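J.: could you look at this predicted model? Sequence included:
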Amino acid sequence: MTKPAAILDIDGTLVDTNYQHAVAWYMAFRQYDVRLPVYRIHRHIGMGGDQLVAALAGDDVEEELGDDIRSAEKALYLSMIQMTAPLEGARELIADFKRDGRRVVLASSAKRQEVEHYLDLLDARELADGWTTSADVEATKPQPDLVLAALEKLGTDRAVMVGDTPWDVRAAQGAGIETVAVLTGGFSEEELRDAGAAAVFDSIVALRRGVGATPLG
């Protein structure tokens, strides 16, 4: 039997972006006099922006200011995007899977401009079988749309997600697949396992060494 395909989350899993996003959201909320501590914002990184504002600040703020805050966050994050970098072993993980004969899709609900930047950072355009952007989803994580879009690009439902947040795990569960998680997004092993992760590693490097003992094996 062929090995399962891999759906690899980009933000926080392959590229070190979560804390830049947390700061960008913090500054965006402050622009509209919504004051939230960064640690609370970080707990929601990985959740899509279409849901994050209400989850953090309530439905009234979402209704009145949601689109404005999201636009501000996008501009602020893009001003910091040059600070992001691939996590150690990220491109090598993709290459490992391809050598094993697996299909690989890189999964993101970010805007195309951001995803294109990450593809360049990872030098992954000729390596991955495809990738997703915000254009491929209607609802973001923890809704399963992103994972379902990746499965459609793979042409199979026999796949495993690799992610870094509880929102990744829940989105994968909604699409009927398992998740192998890494700690690179700043969430604890307990949080990721409580969300339903089948296995948790402290880094991509450790995942590469231990992949045979996971649902990807």
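T.: Received, thanks.
J.: isn't residue 211 right up against residue 102?
T.: No. Counting by Cβ atoms under 8 Å, residue 211 sits too far from residue 102 to count as a contact (10.5 Å). All C-beta spots, glycine's among them, are computed from the backbone N, C-alpha and C.
J.: settle it for me: which of those two has more neighbours?
T.: Between residue 211 and residue 102, counting by other Cβ atoms under 10 Å, residue 211 is the more crowded of the two (22 against 19).
J.: now that one: closest residue in space, sequence neighbours ignored.
T.: Leaving aside its sequence neighbours, residue 211 sits nearest to residue 217 (Cβ to Cβ, 6 or more residues apart in numbering; 6.0 Å).
J.: got a pLDDT number for the one you found?
T.: Looking at residue 217, its pLDDT stands at 88.
J.: repeat that for residue 69.
T.: 98.
J.: residue 1 now?
T.: 62.
J.: any idea how far the residue nearest to residue 211 lies from residue 140?
T.: Here the criterion is Cβ to Cβ, to the nearest Å. By it, residue 217 lies 29 Å from residue 140.
J.: so which of these two has more stuff around it?
T.: residue 140 (20 against 13).
J.: what helix or strand is the more buried one located in?
T.: Following DSSP states H and E, one finds residue 140 outside all helices and strands.
J.: residue 108 is in contact with that one, correct?
T.: No. Using Cβ under 8 Å, residue 140 is not in contact with residue 108; the gap is 10.1 Å.
J.: now do the shared contacts for the two.
T.: Listed as contacting both residue 140 and residue 108 by Cβ atoms under 8 Å, 6 or more residues apart in numbering are residue 146.
J.: residue contacts, the closest residue to residue 191 other than its chain neighbours?
T.: In space, and not counting its chain neighbours, residue 191 is closest to residue 166: 5.7 Å by Cβ to Cβ, 6+ apart. By Cβ under 8 Å, 6+ apart, residue 166 lies in contact with 46, 142, 187, 191-192, 194-195.
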